[in-house]
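Student: build me a structure from this.
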Amino acid sequence: MSYLTRALLEAATVGATCGAVGVQVVLRRLGFAAATLAHATFPGAVLAGVLGLAVYAGAGATAAVAVLALALRRLDLGVVLAGSLALGVVIASASTGTSRDVAAYLVGHLLTVQTADLLAAAVAAAVVGLALTLAGKELLLAAFDRTALAAQGYPVRALDLLVLGLVGVTVLAAIPAVGTVLVLALLTAPAAAARRCTADPARLTVLAAAFGAVSGVAGLALSHRYDLAGGPAVILAGCALLALAGTLTSVSRR
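Tutor: Next up, the predicted model:
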């Protein structure tokens, strides 16, 4: 498999997964929490690189701690967001012979993804797809009306933890493609664009996943054609799609 094929599969898979999970982030207004969770994976990823371990092991450990802390509301989001970046940079600067440039953890390395990265993206997509299939209606209802869902006897706190867990899994899978800093835009831009195009909850997640995949593929095409950084190009494609959706929606309502 060529490097470009791997990058294409990674961009499409990660984009679709981010778009689908991003619906929950947008509807629940969890943007700041998602950004904090994503930044929390950075020191874990850097430490794993320094120790010669798999990036997913280090980033996964710090992501799990962040998910539990967010669920228990025991985090000062702003402090953790900035502190995580600082800790990651300190770990990298205090070490010698790190296996990968720190920038790759921050903004991704889309054009050099490996088969293991594709496998991680596929597993994340499968986990997210299964969770949204089994609990999608309840998650959407909780996003719109938590009180009604609780009155029906559903475990609202458990659903909140599930959403945070899905965000964590998605962030981990997206690190090779767009890094820990840029992933928030891929979580929110396709979902926000989809929300401007439809008010139907049944279509929202599917459309957001499609927009995410399109952003990934379009960003990769721009990166390959004009020799641009892959991760940032994907993010810019997602932002452009959001701007286009907003413009078309505004024009159609006149």
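Student: CA atoms for contacts and neighbours, from now on please.
Tutor: OK.
Student: ok, Ala131 - how many residues close by?
Tutor: Ala131: 15 surrounding residues under other C-alpha atoms under 10 Å.
Student: let me redo that: Ala61
Tutor: By the criterion of other C-alpha under 10 Å, Ala61 has 14 neighbours.
Student: excluding sequence neighbours, find me the nearest residue to it.
Tutor: Among residues not flanking Ala61 along the chain, Gly44 sits closest, at 7.0 Å (C-alpha to C-alpha, 6 or more residues apart in numbering).
Student: next, the one you found: phi, psi?
Tutor: phi -60, psi -40 (degrees, to the nearest 10).
Student: surely it meets Ala59?
Tutor: Yes. Taking C-alpha atoms under 8 Å as the definition, Gly44 is a contact partner of Ala59 at 4.3 Å.
Student: which residues touch the residue nearest to Ala61?
Tutor: Val55, Ala57, Gly58, Ala59, Gly60, Ala61, Thr62, Gly88 (C-alpha atoms under 8 Å, 6 or more residues apart in numbering).
Student: tell me which of those residues fall in helices.
Tutor: Using DSSP state H, the members of the contacts of Gly44 that fall in helices are Val55, Ala57, Gly58, Ala59, Gly60, Ala61, Thr62, Gly88.
Student: and for the last one, the neighbour number?
Tutor: Gly88 is surrounded by 21 other residues when neighbours are defined as other C-alpha under 10 Å.
Student: one more: the second one?
Tutor: By other C-alpha under 10 Å, the residues close to Ala57 number 16.
Student: which non-adjacent residue is nearest it?
Tutor: Ala48 (7.0 Å).
Student: from Ala92, how far out is that neighbour?
Tutor: Applying C-alpha to C-alpha, to the nearest Å, the value for Ala48 to Ala92 is 11 Å.
Student: pretty sure Ala210 contacts Gly22?
Tutor: No. With contact defined as C-alpha under 8 Å, Ala210 does not reach Gly22; the gap is 12.0 Å.
Student: when those two are compared, which one has more neighbours?
Tutor: Gly22 (32 against 21).
Student: what segments of the chain are helices?
Tutor: 3-27, 31-51, 55-71, 77-93, 102-107, 115-144, 146-151, 156-197, 201-226, 230-252.
Student: can you put those in JSON lines and add mean pLDDT?
Tutor: Formatted as JSON lines, the helices of the chain follow (pLDDT from 0 to 100):
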{"stretch": "helix 3-27", "mean pLDDT": "97"}
{"stretch": "helix 31-51", "mean pLDDT": "93"}
{"stretch": "helix 55-71", "mean pLDDT": "93"}
{"stretch": "helix 77-93", "mean pLDDT": "89"}
{"stretch": "helix 102-107", "mean pLDDT": "89"}
{"stretch": "helix 115-144", "mean pLDDT": "94"}
{"stretch": "helix 146-151", "mean pLDDT": "85"}
{"stretch": "helix 156-197", "mean pLDDT": "96"}
{"stretch": "helix 201-226", "mean pLDDT": "95"}
{"stretch": "helix 230-252", "mean pLDDT": "93"}
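Student: now the residue nearest to Ala57: how far from Leu172?
Tutor: Distance, Ala48 to Leu172, by C-alpha to C-alpha: 13 Å.
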